[in-house]
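Peer 1: Sharing a sequence plus its predicted fold:
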Amino acid sequence: MEVTESTYGKTRIFDVEKIRNDFPILSREVNGKPLVYLDNAATTQKPYSVIETISHYYKFNNANIHRGLHFLSEVATEEYEKARLKVKEFINALSASEIIFVRGTTEGINLVAESLSRKNHFEEGDEVIISHMEHHSNIIPWQLLRDEKGIVLKVIPINDKGELILEEFEKLITPKTKFVSVVHVSNTLGTVNPVKEIVDIAHKYDIPVLLDGAQATAHLKIDVQDLGCDFYAFSGHKMFGPTGIGVLYGKAELLEEMPPYQGGGEMIREVSFEKTTYNDIPHKFEAGTPNIVGGIGLGAAIDYLRSFNFTEIHRYEQELLKYGTKLLSDIEGLKIIGKAENKNAVISFVIDGVHPYDIGTIIDTDGIAIRTGHHCTQPLIERFGLTATARASFAMYNKKEEIDKLAESLIRTIKMFK
Ligand code: PMP
């Protein structure tokens with residue numbers, strides 16, 4: 001089935017109260033107070049449509065896919081492959097064969113590192129460039145390769161505002177540079193990186209680029225053809241979909257040349273003890289029974305996101321960011337970390353004399369959920385001379401009133417410590 005714009009019907013008017021009604025969890029109480037959920041960079045909440053799609057699948061359509069000829073197996077296969085088409089349309093890939101279902105961003109990046117290594121893409125002394133604001137999931141897979149293959153890891157520096165220093169990037173490139181892997185949107189700072197420019201620069205030297213889109217897909221319209229990237233990895237749970245499912249997009253010509261990541265059922269064409277031939281992409285990279293309901297649930301999340309105009313989502317979230325930045329900046333002793341010009345709705349902060357863990361624990365008693373710690377970006381946090389921050393991260397269902405509550409609760413916290 002080809003997924004077209006009309007599959008999604010009319011674009012919905014952006015109305016935050018109506019959007020909130022789509023998310024059952026948002027009407028619950030925590031510690032006797034209405035939940036204020038500001039931990040969306042960690043994971044987003046799920047709308048009814050996603051929850052019901054999952055429940056419907058298990059109630060009516062559950063079967064293993066791609067191998068049975070019976071009715072249910074065919075229905076389940078069709079639903080799963082339909083979800084792949086939805087992903088393809090969502091990120092504007094050229095073909096559904098470029099969409100590999102994985103566990104999440106982490107697995108997507110590990111798949112690329114591992115498969116390229118197996119293909120002997122890297123020799124000892126070859127270089128991989130990442131940035132100073134990477135999530136650990138875009139650092140450790142390359143460090144594993146460093147230990148295994150002797151590659152060299154190079155890091156694009158950032159300025160005090162938390163922006164990549166693009167001029168330094170090109171200077172890091174040498175004839176030994178074999179791969180570039182950078183985050184599209186920083187989970188800790190909210191910085192939106194100039195990834196198109198990064199791709200253009202790397203491609204001048206024929207270096208492939210992976211973008212970590214974990215924090216981008218729920219907030220920005222993604223067009224992988226326009227970005228020009230070779231790989232794009234993201235997670236379903238950060239875009240209103242289920243956990244345990246994500247996507248690795250890869251250009252077909254690259255995926256075709258890459259050896260499998262894992263071996264098992266589904267990824268083969270024929271097996272004998274002497275020789276095995278592999279299935280076509282994307283199945284070559286999907287060994288074993290996949291997360292069928294996860295893929296279908298992600299398809300429902302994409303339907304949900306596509307029922308809105310992305311420009312509206314972005315405009316609204318920018319409004320929240322501006323409002324929150326002003327309100328929090330006015331609190332005495334509070335310092336915002338990450339002041340990039342191009343930023344998504346994430347506010348990391350520290351408060352004089354109050355440890356981020358105490359902030360998180362105290363405001364939790366007011367029903368407010370934020371994240372505290374290094375956010376799996378330890379080198380980045382250290383770059384700012386810190387060990388932790390508190391982080392409020394917003395989604396399209398958050399309201400200014402919730403930011404008011406956050407500010408009030410922070411002021412109460414500061415008073416307790418005085
Ligand atoms: N990259 C970034 C920027 C992230 O924010 C995260 C999740 N916090 C990841 C990668 C890893 O995503 P997952 O845990 O879903 O694989």
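Peer 2: Structure received.
Peer 1: Let me know the pLDDT of the residue in the chain sticking out farthest from the centre.
Peer 2: Going by Cα atoms, centre = their mean, the residue of the chain most distant from its centre is E274, 40.1 Å out. If you check E274, the pLDDT there is 94.
Peer 1: From the ligand, how far out is it?
Peer 2: 37 Å (Cβ to the nearest ligand atom, to the nearest Å). No exception for glycine: its C-beta is placed from N, CA and C like everyone else's.
Peer 1: isn't there a strand covering that residue?
Peer 2: No - read with DSSP: H, G, I helix; E, B strand; the rest coil, E274 is coil and lies in no strand.
Peer 1: Okay, and the beta partners of V185?
Peer 2: V192 (DSSP bridges).
Peer 1: Can you tell me which residues in the stretch 201-350 of the chain are near the ligand?
Peer 2: Those residues of the stretch 201-350 of the chain that sit near the ligand, judged by Cβ under 6 Å from any ligand atom, are D212, A214, Q215, S235.
Peer 1: List the residues that contact the first one.
Peer 2: For D212, the residues meeting the contact criterion (Cβ atoms under 8 Å, 6 or more residues apart in numbering) are T105, I109, E134, H135, S137, N138, S181, V182, V183, H184, A233, F234.
Peer 1: how about it, phi and psi?
Peer 2: Note on D212: backbone dihedrals following degrees, to the nearest 10 are phi -90, psi 110.
Peer 1: cool, and I336?
Peer 2: Torsion angles at I336 (phi, psi; degrees, to the nearest 10) stand at phi -90, psi 130.
Peer 1: can you give me the strands for the stretch 251-400 of the chain?
Peer 2: 268-271, 276-278, 334-337, 346-351, 368-369, 371-373, 389-393 (DSSP state E, counting those that start in this stretch).
Peer 1: and among the ones you listed, the most buried is which?
Peer 2: strand 389-393 (a mean of 27; mean count of other Cβ atoms under 10 Å).
Peer 1: what is the rounded mean pLDDT of the following helix or strand past that one?
Peer 2: The helix or strand immediately downstream of strand 389-393 is helix 400-417, counting by DSSP states H and E. On average, the pLDDT along helix 400-417 is 97.
Peer 1: ok, now stretch 207-218?
Peer 2: 98.
Peer 1: and what of stretch 70-90?
Peer 2: 97.
Peer 1: Just the buried positions in it, please.
Peer 2: By 16 or more other Cβ atoms under 10 Å, the buried positions in stretch 70-90 come out as 73, 75-77, 79-90.
Peer 1: Stretch 336-343: which residues count as buried?
Peer 2: For stretch 336-343, using 16+ other Cβ under 10 Å, the buried residues are I336, I337, G338, K339, A340, K343.
Peer 1: swap in stretch 168-188?
Peer 2: 169, 173, 177-188.
Peer 1: again, but for stretch 146-160
Peer 2: I151, V152, K154, V155, I156, I158.
Peer 1: In helices, which of those fall?
Peer 2: Using DSSP state H, no member of the buried residues of stretch 146-160 falls in helices.
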